[in-house]
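# predicted model and sequence below, questions to follow.
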Amino acid sequence: MSRTVLNCGYVPLVDCAPLIVAKELGFADEEGLVLNLVAQPSWSATRDMLALGHLDVAHMLSPMPVAMSLGYGGLSGDIDALMVLSVNGTVFGISTQLAEALRGASAGVRFGETTHMLRNVAGLGMRKLRVGIPFHYSMHRLLLEYWLQGQGDISGLEIEIVTIPPPRMADAVEDGDIDAFWVGEPWGSTAVARGAAELVLPGSAVWAFAPEKVLAARHDWVAAHGAEVKRLLRALYQAMRWLDAPRNKPLAVEILARSEHLNIAPELIDPAISGTLTPTQHGSPVTVERFLLFHKHAAHFPWRSQAAWIAAQLGADAAGIERAKLCFRSDIYRDVMGPTGVDLPGASEKVEGSMRHATAVASTRGHMILGPDAFFDGNTFDFDAES
Amino acid sequence: MSRDLSILVVEADPEKAREIIDALMEAGWSDVHALAQTAGLEREIKARQPDIVLIDVANPDRDMLEHLSMASDSKHRAVAMFVDKTDNDLTQAALAAGVSAYVVDGLQMNRIKSVLETAIARFQLVRQMQSELDAAKRALEDRKTLDRAKGILMRQRGVSEEEAYQLMRKTAMDQGRKVIDVAQALVTAADLLA
C-alpha cells in the first residue's frame, strides 16, 4: 500500500491523545497513513493554517468549525468536523485566595457543586470575577456562559472573560491577573500542583456530554480526499478505542509523556486519562465519572444536534443552526464506519440534555448505550427542524 | 497622510522588534511602539488603542488578541482580522512571512496594505537572517564534530587526515547515513569510552 502523508495540526493538550496514539501505536500505519503531527502555538494559528491549506486536518475546539463555517471571527471558511476526538475533559477552578475567602465566610467550596458557588462569590462582596479561558470559540466559554445564565441573582458580580494561553493559566492565577479559569487538562491540575488554584467543577457537571475537540478539515478537501478520510477515521477509531480501555490507561499515560509531541510530565497527564482529579493541593483525589471520554458511549460520533447546540449558543438564527448541523459530518462517519461493523446510532440528532442516565438506544447492531448528556439545570434542546 | 496610524508591534526579541519598527518608520509611520512583555498585552492595548497590532504568527498570545478584537463593548471594536479576508494573496504572503495583523474596523484597506507590506517584507528579511545565522552556527558545530572525529580516527587507526575522512565517508555511504551523523556517533562513542 502506498503511504500517504497527512499534515495534521494539534495543540499540545492531553486530549490530542488520539492523534499521538494513532501515530505511535501504528494504527495510522496500518491504514497506510503517515501522520505528520505539527504542533500549533495557538488556536488562531491552527485555524489559519487549516483554512489556508497548510494543514490537511486539525485537532480543534468543537465550536471552531461551526464558527468558521458561519463566518464568525477571524478567518472563516467551510470547515467540517469529521469526528469528535474527545468528550468533556475541562475543569473550572478558582484561585486559592478566593477559595480561602469562601471558606473564611463559611460558604465552603464543594467540588462539583453547580448551584451555590457563584452566589457565594457574589456574597463575598466581590465586584468582578475575572475568568480565564483558552479561546473565544471554545466549549470552555460556551459552558461558562451557559452556567452563568442559569445562576439566578448574581447581579452584583460582574464576570469578565479573558483569553489566556493555557500554559500560562497557572501563572495568571498566581499573579492575580485572573480569579478563576476554565481550562483543559493538564493546565487545571498544574495550577493545583503549584498551589495557585483549586478545582471547583469538571466541565461534565455543567453538561454531562460536551463534545470538546473535533477532527476538522476543509469541506472541499474532504470532498476531494475520500480515501484518506476513510483511512484516517478508521485509524483514529482504533486509537480512541484503545485509549478508553481501562487496562491501557497506564501505558497511554506513558506513551503521551514519552512522545515528543506533548512536553508534559506523566503525573500531570494521569489525572485526565484516569479521571482522578485532585481538586486541592493537599487534598484527596476524587474520581470523576466520564471526566474525559474518547470512545465510550459513541463519544466519537459527530451528532448534528451537538453542532446545533453550539451554533445556538453562539447566537446563530434558525438558518445558521441548520447550516451548522451540516458541519458535523455524521453522514461520512456512517459511510466509513458502518461497513467495518461498528455499531452506529439510529439517528444523527438527539434531544441534547434528555438523558439523565446511561440509556440504551436504537442502533444498527442493536446494543448501543449512550452516556448521560444532561445539563446542570435540566434543560433539553430539540433542534429537529420538523418538530 | 491625514492622521498617522498607531501601530503596536508585539515581539519579545528586542532586535527583531527594532528591525520592524525601523522599517515601519522608514516607510513613513511614526506612531510605532513595541511590546515585549506579553503579560501586559491586554492593558497595553486598552491604554494605547492601536489601529493595528502586528504579531508573529507563532506567538501564543494571538488567541488573546482574537478575543480582545471581538470584545463587543468597545466603540473602537477591532475586527478579528488576520489581514484582509478578501485579499487571499496578501493573507498568504503574511502567513508565509510569519506575521499576523489585527486591525481596527473602519480603516481604509490601502492604508493597512502599505503597513502590512512593509511589515511582511521586514518579517521575511528578519526570518531569513535568522535562518542564515542558524545555518552558519550549525555549519560551525558540524565542522568541530568532524574535526574531532577525524582526530579520533587518526589516533586510533594511525591514518592520515585524508584517510580518516574517506573512512567516515565510506561508512556513511555504506550505511545510507550522513557523514556528520557518523562523525557524531564516533565522538559520542569516544566520549563514553574515555
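Here it is on my side, so go on.
# how about the secondary structure of the residue in the stretch 201-350 of chain A positioned nearest to chain B?
At 10.8 Å from chain B, residue A:315 is the closest residue in the stretch 201-350 of chain A, using C-beta to the nearest C-beta. In this view, the C-beta of every residue, glycine as well, is placed from N, C-alpha and C. Following DSSP: H, G, I helix; E, B strand; the rest coil, we place residue A:315 in the coil state.
# tell me how many other residues crowd it.
9 (other C-beta atoms under 10 Å in any protein chain shown).
# one more: residue A:114?
18.
# same thing with the one 5 residues further on?
Residues near residue A:119, counting by other C-beta under 10 Å, number 14.
# pretty sure it is touching residue A:151, no?
Yes. Between residue A:119 and residue A:151 there is a contact at 6.9 Å, judged by C-beta atoms under 8 Å.
# how does chain B divide into domains?
Listed domain ranges for chain B are B:7-132, B:135-193 (source: automatic domain parsing).
# can you add mean neighbour count, distance to chain A and mean pLDDT and give these back as CSV?
Below are these laid out as CSV (neighbours: other C-beta atoms under 10 Å in any protein chain shown; distance: least, C-beta to the nearest C-beta, whole Å; pLDDT from 0 to 100):
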stretch, mean neighbour count, distance to chain A, mean pLDDT
domain B:7-132, 18, 4, 74
domain B:135-193, 14, 18, 92
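# can I get these in CSV including distance to residue A:370?
Listed next are the domains of chain B as CSV, based on distance: least, C-beta to C-beta, whole Å:
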stretch, distance to residue A:370
domain B:7-132, 33
domain B:135-193, 52
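# out of the ones you listed, which is closest to residue A:322?
Among these, the nearest to residue A:322 by C-beta to C-beta is domain B:7-132 (23.4 Å).
# tell me how far that closest one is from the chain's mean position?
Its chain's C-alpha centre and that of domain B:7-132 lie 14 Å apart, by C-alpha atoms, centre = their mean, to the nearest Å.
# stretch B:131-147 too?
Using C-alpha atoms, centre = their mean, the offset of stretch B:131-147 from its chain centre is 19 Å.
# now do the strands in the stretch 201-350 of chain A.
A:211-218, A:276-277, A:286-287, A:292-293 (DSSP state E, counting those that start in this stretch).
# residue contacts, residue A:211?
By C-beta atoms under 8 Å, 6 or more residues apart in numbering or on different chains, the contact set of residue A:211 is A:62, A:84, A:87, A:139, A:302, A:303, A:306, A:310.
# can you list the buried residues in the longest strand along chain A?
Longest strand in chain A by number of residues, with DSSP state E as the criterion: strand A:79-88. Going by neighbour count (16 or more other C-beta atoms under 10 Å in any protein chain shown), the buried part of strand A:79-88 is A:79, A:80, A:81, A:82, A:83, A:84, A:85, A:86, A:87, A:88.
# what residues are up against the second one?
Translated: residue A:80. Residue A:80 touches A:65, A:216, A:217, A:218, A:219, A:222, A:327, A:328, A:329, A:332, counting by C-beta under 8 Å, 6+ apart.
# sitting in helices, which of the residues you listed do you find?
Using DSSP state H, A:65, A:219, A:222, A:327, A:332 are the members of these that sit in helices.
# returning to what we had before: distance from the longest strand of chain A to the middle of the chain?
9 Å.
# whichever helix or strand comes after it versus strand A:211-218: what angle between them?
Per DSSP states H and E, the first helix or strand lying C-terminal to strand A:79-88 is strand A:90-95. Interaxial angle of strand A:90-95 relative to strand A:211-218 (axes from the mean of the first three to the mean of the last three C-alpha atoms, to 10 degrees): 120 degrees.
# just to check, residue A:98 is in contact with residue A:117?
No. Look at residue A:98 against residue A:117 with C-beta under 8 Å: they stay out of range, at 10.4 Å.
# related to what we said a few turns ago, so which of the domains of chain B comes closest to residue A:129?
The nearest among the domains of chain B, by C-beta to C-beta, is domain B:7-132 at 16.2 Å.
# what about the closest one, start to end distance?
This stretch, domain B:7-132, spans 28 Å end to end (C-alpha to C-alpha, to the nearest Å).
# still on that earlier bit, go through the buried residues of strand A:79-88 and name the one nearest residue B:185.
Residue B:185 lies nearest to residue A:85 out of the buried residues of strand A:79-88, by C-beta to C-beta, at 39.3 Å.
# in this structure the closest one contacts residue A:232, no?
No. Using C-beta under 8 Å, residue A:85 is not in contact with residue A:232, being 11.5 Å away.
# mind listing the shared neighbours of the two?
Residues touching both residue A:85 and residue A:232 by C-beta under 8 Å, 6+ apart: residue A:215.
# restricting to C-alpha, output the strand or helix carrying residue A:144 in PDB.
Using DSSP H and E, residue A:144 falls within helix A:139-149. Listed next in PDB are the C-alpha coordinates belonging to helix A:139-149 (Å, rounded to 0.1, in the frame of the first residue of the first chain):
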ATOM      1  CA  MET A 139     -16.600  24.800  24.600                       C
ATOM      2  CA  HIS A 140     -15.000  26.300  27.800                       C
ATOM      3  CA  ARG A 141     -16.600  29.700  27.100                       C
ATOM      4  CA  LEU A 142     -19.900  28.200  26.000                       C
ATOM      5  CA  LEU A 143     -20.200  26.100  29.100                       C
ATOM      6  CA  LEU A 144     -19.100  29.000  31.300                       C
ATOM      7  CA  GLU A 145     -21.700  31.300  29.800                       C
ATOM      8  CA  TYR A 146     -24.400  28.700  29.900                       C
ATOM      9  CA  TRP A 147     -23.700  28.100  33.500                       C
ATOM     10  CA  LEU A 148     -23.700  31.800  34.300                       C
ATOM     11  CA  GLN A 149     -27.100  32.300  32.600                       C
END
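# that one near chain B anywhere?
No. Figure legend: helix A:139-149 not in contact with chain B (C-beta under 8 Å from any C-beta of the partner chain); closest approach 9.1 Å.
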